[in-house]
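S.K.: Whatever this is, show me its structure:
(2 chains)
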Amino acid sequence: GESVGLHLPTLSVQEGDNSIINCAYSNSASDYFIWYKQESGKGPQFIIDIRSNMDKRQGQRVTVLLNKTVKHLSLQIAATQPGDSAVYFCAERLNDYKLSFGAGTTVTVRA
Amino acid sequence: NAGVTQTPKFQVLKTGQSMTLQCAQDMNHEYMSWYRQDPGMGLRLIHYSVGAGITDQGEVPNGYNVSRSTTEDFPLRLLSAAPSQTSVYFCASTTGVSGTGELFFGEGSRLTVL
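M.R.: Now for the predicted structure:
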């Protein structure tokens, strides 16, 4: 698989490989994190979330890992498919009413 | 099930003009919000509402007004458009009064201010 360093805006991955998208968050008190996927010309769609009392959460072909020590979040996509080409955003909860979104990583899947 | 509907999808304005971006949801969500998306900056919260008659400011509220007269509708008004307001605007909603769960987004409204 291929991985992206923190804040790298793009990731190119071979179809069938695993993808790892990284995200750093700012507030050590944040207790809830979400990953969204945005396809071209569409609004963001929820992928998976994780609370700060967990280190790992799995969904269908996706896994989110949380490292609170270094304030780092990652999204792993297994067996990347062409339909996974999109921009991926991480978001952290700032308070009861507000999320703070990262700048996003554009994932391109090569056939 | 329409979800979150935004109109218009595209709009070009001249500096100083006013306009309203419309947002409607049919999911009976209490929480609604407006975000703007600019290249390299992710999504930034403009205004949000936790129910009819209740609105509050987000990160970047200057130059925008909102109102929430019904549960379904949450329009965003630009009173005097500026080139800095050129952006893609997204409306989002969710159940409950917290805007920090799974947000349902509209497809966006692309605004260009000349």
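S.K.: pLDDT weak spots in the chain?
M.R.: In the absence of a named chain, chain A is used. For chain A, the stretches with pLDDT under 70 are A:1-7.
S.K.: you looked at the wrong chain, it should be chain B
M.R.: B:1, B:97-100.
S.K.: can you count the residues close to B:Leu78?
M.R.: Residues lying near B:Leu78 (other C-beta atoms under 10 Å in any protein chain shown) number 20. The C-beta positions use only the backbone N, C-alpha and C, and glycine is treated the same way.
S.K.: Now do the strands in chain A.
M.R.: A:2-3, A:10-14, A:19-24, A:32-38, A:45-51, A:56-58, A:62-67, A:72-77, A:86-93, A:99-101, A:105-110 (DSSP state E).
S.K.: The fifth one vs strand A:62-67, what angle?
M.R.: The one in question is strand A:45-51. Between the axes of strand A:45-51 and strand A:62-67, defined by axes from the mean of the first three to the mean of the last three C-alpha atoms, to 10 degrees, the angle is 40 degrees.
S.K.: I figured A:Ser63 hits A:Lys56, correct?
M.R.: For residue A:63 the amino acid is Thr, not Ser. Yes: the pair A:Thr63 / A:Lys56 is scored as a contact, 6.5 Å apart, by C-beta atoms under 8 Å.
S.K.: And the two? Which one has more around it.
M.R.: Neighbour comparison, A:Thr63 and A:Lys56: the larger count goes to A:Thr63, with 17 against 11 (by other C-beta under 10 Å).
S.K.: If we ignore the residues flanking it in sequence, what's nearest that one?
M.R.: In this structure, A:Thr63 finds its nearest non-sequential neighbour in A:Gln76, 4.4 Å apart by C-beta to C-beta, 6 or more residues apart in numbering or on different chains.
S.K.: is A:Ser19 in a bridge, and if so with what?
M.R.: Counting by DSSP bridges, A:Ser19 is bridged to A:Glu2, A:Ile77.
S.K.: Just to check, it is in contact with A:Ile77?
M.R.: Yes: counting by C-beta under 8 Å, A:Ser19 does reach A:Ile77; the two are 4.3 Å apart.
S.K.: Between these two, which contacts overlap?
M.R.: Counting by C-beta atoms under 8 Å, 6 or more residues apart in numbering or on different chains, the contacts common to A:Ser19 and A:Ile77 are A:84, A:107.
S.K.: what residues are up against the residue of chain A at minimum distance from chain B?
M.R.: Going by C-beta to the nearest C-beta, chain B is nearest to A:Gly43 of chain A, at 3.1 Å. A:Gly43 makes contacts with B:4, B:90, B:92, B:105-108, as judged by C-beta under 8 Å, 6+ apart.
S.K.: interface residues of chain A facing chain B?
M.R.: A:9, A:32, A:34, A:36, A:41-46, A:49, A:89, A:91, A:93, A:95-99, A:101-104 (C-beta under 8 Å from any C-beta of the partner chain).
S.K.: So which bits of stretch B:80-91 are buried?
M.R.: Judged by neighbour count (16 or more other C-beta atoms under 10 Å in any protein chain shown), stretch B:80-91 contains these buried residues: B:81, B:85-91.
S.K.: What about chain A: which of those residues touch it?
M.R.: B:Phe90.
S.K.: I'd like to know which of the buried residues of stretch B:80-91 is nearest to chain A.
M.R.: Set against chain A, the nearest of the buried residues of stretch B:80-91 by C-beta to the nearest C-beta is B:Phe90 (5.4 Å).
S.K.: Beta-bridge partners for that closest one, please?
M.R.: Beta-bridge pairing of B:Phe90 under DSSP bridges involves B:Tyr35.
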